[in-house]
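**Student:** sharing a sequence plus its predicted fold:
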Amino acid sequence: MSRSAEAAGSRDATTPILEVRNLKVYFPVTKGMVLQRTVGHVKAVNDVSLCVPRGEVLGLVGESGCGKTTIARSILKLLRPTAGQILFKGQDIWSLSKAENQKFRRSVQAIFQDPYSSLNPRMSVRDIVGEPLIIHEVERDPARIDKRVEELLELCGLSKRLAERYPHEMSGGQRQRVGIARAIALNPEFLVCDEAVSALDVSIQAQIINLLENLRSELGLTYLFIGHDLSVVKHLCDSVAVMYLGNIVESGASETLFSEPLHPYTQALLEAVPVPDPEVESGRAHQVLAGEVPSPLDPPGGCVFHPRCPRAVATCQRYAPALEEAKSQHWVACTETETDRTSGAEKSTAVEARA
């Protein structure tokens, strides 16, 4: 192997497969029937940064409308960002050449929320799963395409006899497995799972989660897993980022974030998750957030969460805290946490001065 090839291999091993840097996605709001003028912007995603190491699963959680799907669409190049960068294997996806873009399209695929809406009802399973192979000119021989389709169906836990069926002839779980088979047909490296199990029954959810775990280990896949079921996210994801009103308010390793949440919003989300034991659940104290989520058209000044935060102070209305590392590999955007950290540093300096 040449030195340049060795260097490239080393860089691929250390470079995160996906980086999102200071991503902003604003949608203009216009007024007027004929002479339209922009009167404001919906700040769907506001200065978000993410990092997904190769082979890991990053969970993205938050209430509906917080910007999770907008981030997913930007990563899939379905939506051009207003500002910021999205790097795939160290390359800006919006600066790729035609050949590089085609390779990117093969390397990054998606699994959607509703398996029925995402499948063409007029196409058989064979045609649905085999379509990516034809579009990207991976295979042209019909016999080889049929063989590859059967391999993909079996890999996703489906009988090859289902290849002649249509989406309406299958259950929700079977349709989602077909969607997964289509997503991995081109041997991608990265999958965006946008609420991939939320439309399924609980028992079926567990089966699909197990399938995603098996495919991850067998095929070396990396996932961005978007969801709102925190128990599923905790089970599947290596790290988690919590979104609120277009902003990341907390991120870190899954085990750490779930055991020691630092942001009041994350704490409220976790307290809302019911405990299976009725006696324990009845004795739990639940933190109920006041008010409604503000409009992204007119987000509050300062910390975006302060109108609903039970621990908000006057500083929160004036100051928007940055996402900073509060503990090792645990980031939070909270004025209270910054104050605690500053106070601790001041105390430490005072002790050293007295010594």
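**Tutor:** Now that the structure is in, tell me what you want to look at. Numbers count the residues shown, from 1 in each chain.
**Student:** helix, strand or coil for L186?
**Tutor:** Following DSSP: H, G, I helix; E, B strand; the rest coil, the label given to L186 is coil.
**Student:** I'd say it and E131 touch.
**Tutor:** No. Counting by CB atoms under 8 Å, L186 stays clear of E131, with 10.6 Å between them. (Each C-beta comes from the backbone N, C-alpha and C, glycine too.)
**Student:** doesn't G301 belong to a strand?
**Tutor:** No. Looking at G301 with three-state DSSP, it is coil, so not inside a strand.
**Student:** now it, nearest residue through space, not along the chain?
**Tutor:** Q317 (6.5 Å; CB to CB, 6 or more residues apart in numbering).
**Student:** for the closest residue to L96 other than its chain neighbours, which three-state class applies?
**Tutor:** Excluding its sequence neighbours, the residue lying closest to L96 (CB to CB, 6+ apart) is F104, at 5.9 Å. F104 falls in the helix class when you classify it by three-state DSSP.
**Student:** over to A290?
**Tutor:** Per three-state DSSP, A290 ends up coil.
**Student:** who are the contact partners of it?
**Tutor:** R308, P310 (CB atoms under 8 Å, 6 or more residues apart in numbering).
**Student:** where does it fall, phi/psi-wise?
**Tutor:** Backbone torsions of A290, given as degrees, to the nearest 10, read phi -80, psi 150.
**Student:** about what we covered before: doesn't the residue nearest to G301 fall inside a helix?
**Tutor:** Yes. Q317: assigned to a helix according to three-state DSSP.
**Student:** how much space between it and I184?
**Tutor:** 48 Å (CB to CB, to the nearest Å).
**Student:** between the two, point out the one with more neighbours.
**Tutor:** Shown here are Q317 and I184; by other CB atoms under 10 Å, I184 has more neighbours (20 against 14).
**Student:** per-residue confidence at the more buried one?
**Tutor:** Per-residue pLDDT puts I184 at 96.
**Student:** how about the contacts made by it?
**Tutor:** Residues in contact with I184 (CB under 8 Å, 6+ apart) are Q109, L152, L155, C156, L191, L215, L219, L221.
**Student:** that one and L219, how far apart?
**Tutor:** I184 is 7 Å from L219, by CB to CB.
**Student:** quick one, strands of this structure?
**Tutor:** Listed in chain order, the strands of the chain (DSSP state E) span 18-31, 37-52, 57-61, 83-88, 91-92, 108-111, 190-194, 222-226, 239-244, 247-253, 324-327, 330-332.
**Student:** figure out how far the fourth one is from the centre of its chain.
**Tutor:** Going back to what we said before, that points to strand 83-88. A distance of 15 Å separates the centroid of the chain from that of strand 83-88, by CA atoms, centre = their mean, to the nearest Å.
**Student:** the third one too?
**Tutor:** Here the centre of strand 57-61 is set off from its chain's centre by 5 Å, with CA atoms, centre = their mean.
**Student:** list the contacts of that strand.
**Tutor:** 50-52, 68, 71, 216, 222-228, 230, 233, 236-243, 254, 269.
**Student:** check the fourth one too.
**Tutor:** Under the criterion CB under 8 Å, 6+ apart, residues 16-24, 47-48, 74-75, 92-94, 104, 107-108, 190 lie in contact with strand 83-88.
**Student:** of these, keep whichever come out buried.
**Tutor:** Taking 16 or more other CB atoms under 10 Å as the criterion, what is buried in the contacts of strand 83-88 is 16-20, 23-24, 47-48, 74-75, 93, 104, 108, 190.
**Student:** ok, back up a step: okay, the residue nearest to L96: pLDDT?
**Tutor:** 96.
**Student:** and it, how far from Q91?
**Tutor:** With CB to CB as the criterion, F104 and Q91 are 8 Å apart.
**Student:** before we move on, what about P28?
**Tutor:** 29 Å.
**Student:** what sits against Y116?
**Tutor:** Y116 touches P167, H168, G172, R175, counting by CB under 8 Å, 6+ apart.
**Student:** now, of those, which are buried?
**Tutor:** Applying 16+ other CB under 10 Å to these flags P167, R175 as buried.
**Student:** filter the contacts of Y116 down to the ones in helices?
**Tutor:** The helices, defined by DSSP state H, take in G172, R175 from the contacts of Y116.
**Student:** need the max-distance pair from the contacts of Y116.
**Tutor:** Using CB to CB, those span at most 11.3 Å, a distance reached by H168 and G172.
**Student:** who touches the residue nearest to G301 in this structure?
**Tutor:** Counting by CB under 8 Å, 6+ apart, Q317 touches P300, G301, G302, C303, H306.
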